[in-house]
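**Q** sequence unavailable; structure follows:
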């Protein structure tokens, strides 16, 4: 296990460095001199421009600037917002809990809808319940979540007045954002689980289980589901990053605070340190989640654990 | 739309050269209306005045206990210190928390001053010093007394480099000092004539000196003023809330001098126009700016909503024509472009008719607007054709014009995502009908400023809002070419002298006449194509009554009630 962790980390670390280089270069990829762009329209004197350039370290060679950037990152210093002059780390810390809340709520919705639909279809393929479930899954994958979010708001908030259109404060304000963000993933889970179950029920060991006289319920829980869930866990992990980035749009639609709406604002305001930090954060989350998923495999599937040992 | 905007303090040229010009053109003012009127803006002073008259009547009959109200705003505040902020949203909040010395309010299609924290004032004839006689019964929210020291402290704080003012400092102009004549008389002195200050002073929020000292840089999160509402809380990413100041009795007489009729106002931060409209429909917010034109059109005549069209001072949304780069260095070509522009088609197609067509460098309520200039360049394809023929650009077999084998081709550098994308495309097709080929190059802001300063374009996007017409100095001044905002690359010493003279004339009527002359010169030069007036546009619940506006379309909730 430790061995694997070490091996996975040796891959993750270079990826992380690659990300920091890209994020660092954002500042330099903008056309024009960043210092002049920042001071545009502010009647800057040449001294002010020079001062800002040295403040941003722009007068140093690029590799030196990059190393300085890494050193600041290592100290948890994500820079200062160009707009509010507050530390970006503080700004993100204030908003991250809201985004995590939404992301986990969406994952929960995905599991709560996707699992039952997938199981019903997988256990009784071809039944009417399976057909309804498959239809739902196709829709879920095909309909973009931002459109779905707008439709949900129109129906449940604007027309029926059942739920608030804004996602802030009370618990019920989390429902619409979580459903719109989680529904696409629930469709993926349902499809995957159904197909896996159908496949597994055809396996000889299922006949053995039945021959042993196990109840259908036992067969499902002990043998079928356990095997069928492995790819589902993978997908859940891999989709975590997608759900997190989907939160960017959903937060804006529901006017929710969070790093998603913060990113949109920062891009519009050209608040470069904020954009850099959020992009870096999302990349880090992707990397960490992939790592965790890899490790979780082993815990679920002894064959994979064995293959680690052999390697 | 509606980016959080940083604002500068003018243009490079003035400070670098130490000139007296006070080009107060700033990024916020230039960009602010992307948010303020970004999608839409419509109406005119007449209708706004009518609506206000109606709401005025409604207010006076309102009874019952004060209710809370929620307004959607489209930006996260950068700071709540009005001296430092560059955002239109913070300007709206500041109008609740703070008072100004003088109020400038729309009146009969024009503007008028009303006493605020100053009961009366005198201006020196050369417009270099302003003496304000102050009210003696005013208290800040922290309990301290308002006096001449507060005026001095406010202006000194604005020009303090540590404040990093993104708007107020440039609006203040060539500030020298504030003299405390006695405890309730303050004299604001300028290095050079600054007639614009009379209009600008209505925009400065008087801040509590005690709070400035107590909080230091944290004043940004703890604004303390004398306004009808006290600051209550700011939850990052969510809202700013202000609550009623029960002791308030010094409000502007034309609106309401007594305490506010709302118990609390929550400014809910909603960056998405669709989210603002949804929340308005569900009743979660009661007042919203910058909605999508199609949404506004859908509720415009509904009895559940009240639609506000508010005229604003400033420069309309317009296209600047480069007077130095061929072929637009030829005045006949420039005039032909003006005649070839069909504003009504643009307004109807893109904005559901919610805008009014602009006809000159000033919007109708800006001092210097001249109704005599109206209709001078009304859409006329025949005239456009004649002018181009005169200039030697004749129509070829393909319908496009050419001279000596060269096609008539213009470069339109458009600021992408700035509210001009659709306009530039419609103009491209309108000009094609006139035989003019237009190549559009979309560039991003603010990098596009370099291209504009170099003069790579024939056509550029522009709009600007300000309460005083002196902004034309920064946009048309010969010394603003290549460094400032003179993106028409138009130099006319006579115009500059005229505007400088206007800004040294304290007599309002004489000043307005000078600006009308300047306006006429700009019109003759045909260097801008006015498109539509940058009015403020809001939709509110019909339950919300008594909302009024400043001359630059900032809402005032002094007399608002639910």
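**A** Sure thing, it's come through. Since we're looking at a predicted model, the values are computed, not measured. Residues are numbered from 1 along each chain as shown, chains lettered A, B, ... in the order given.
**Q** what does the stretch 201-311 of chain A put close to chain B?
**A** A:252-255, A:257-258, A:261-262, A:264-265, A:268-271 (Cβ under 8 Å from any Cβ of the partner chain). C-beta: built from backbone N, CA, C; applies to glycine.
**Q** which of these are buried?
**A** Among these, those classed as buried by 16 or more other Cβ atoms under 10 Å in any protein chain shown are A:252-255, A:257-258, A:261-262, A:264-265, A:268-271.
**Q** wait, what's in contact with residue B:138?
**A** Residues near residue B:138 by Cβ atoms under 8 Å, 6 or more residues apart in numbering or on different chains: B:99, B:117, B:145, B:146, B:226, B:250.
**Q** helices or strands next to the host helix or strand of residue A:226 in the packing?
**A** Using DSSP states H and E, residue A:226 maps to helix A:225-253. If contacts are counted by 3 or more Cβ pairs under 8 Å, 6 or more residues apart in numbering or on different chains; DSSP states H and E, helix A:225-253 sits against helix A:88-123, helix A:145-152, helix A:175-201, helix A:259-268, helix A:272-300, helix B:273-282.
**Q** pLDDT averaged over the last one - what is it?
**A** What helix B:273-282 shows for mean pLDDT is 92.
**Q** ok, the first one next?
**A** When pLDDT is averaged along helix A:88-123, the result is 90.
**Q** flag every buried residue along it.
**A** Neighbour counts over helix A:88-123 (16+ other Cβ under 10 Å) mark A:88-89, A:91-92, A:94-95, A:98-99, A:101-103, A:105-107, A:109-111, A:113-115, A:117-123 as buried.
**Q** do the same with stretch B:283-298
**A** B:283-293, B:295-297.
**Q** which of the residues you listed fall in helices?
**A** Under the assignment DSSP state H, the buried residues of stretch B:283-298 contribute B:293, B:295, B:296, B:297 to helices.
**Q** now, among the residues you listed, which is nearest to chain A?
**A** Distances from chain A to these, taken as Cβ to the nearest Cβ, are shortest for residue B:295 (11.5 Å).
**Q** apart from its neighbours in sequence, what residue is nearest the closest one?
**A** Leaving aside its sequence neighbours, residue B:295 sits nearest to residue B:277 (Cβ to Cβ, 6 or more residues apart in numbering or on different chains; 4.5 Å).
**Q** can you pull the contacts of residue A:242?
**A** Contacts of residue A:242 (Cβ under 8 Å, 6+ apart): residue A:185.
**Q** and the strands in the stretch 451-562 of chain B?
**A** In the stretch 451-562 of chain B, the strands defined using DSSP state E, counting those that start in this stretch lie at B:459-464, B:528-532, B:536-541, B:548-549, B:555-556.
**Q** quick one: strands adjacent to the first one?
**A** Paired strands of strand B:459-464, with direction, are strand B:315-321 (antiparallel), strand B:409-415 (parallel) (DSSP bridges).
**Q** so for that strand, mean pLDDT?
**A** Averaged over strand B:459-464, pLDDT sits at 90.
**Q** pLDDT score assigned to the spatially most central residue of chain A?
**A** Nearest to the geometric centre of chain A sits residue A:241, at 2.2 Å (Cα atoms, centre = their mean). Looking at residue A:241, its pLDDT is 80.
**Q** any idea how far the residue in the stretch 201-350 of chain B positioned nearest to chain A lies from residue B:289?
**A** Nearest to chain A in the stretch 201-350 of chain B, going by Cβ to the nearest Cβ, is residue B:237, at a distance of 2.9 Å. Relative to residue B:289, residue B:237 is positioned 19 Å away (Cβ to Cβ, to the nearest Å).
**Q** one step back: out of the strands paired with strand B:459-464, which one sits most buried?
**A** strand B:315-321 (a mean of 26; mean count of other Cβ atoms under 10 Å in any protein chain shown).
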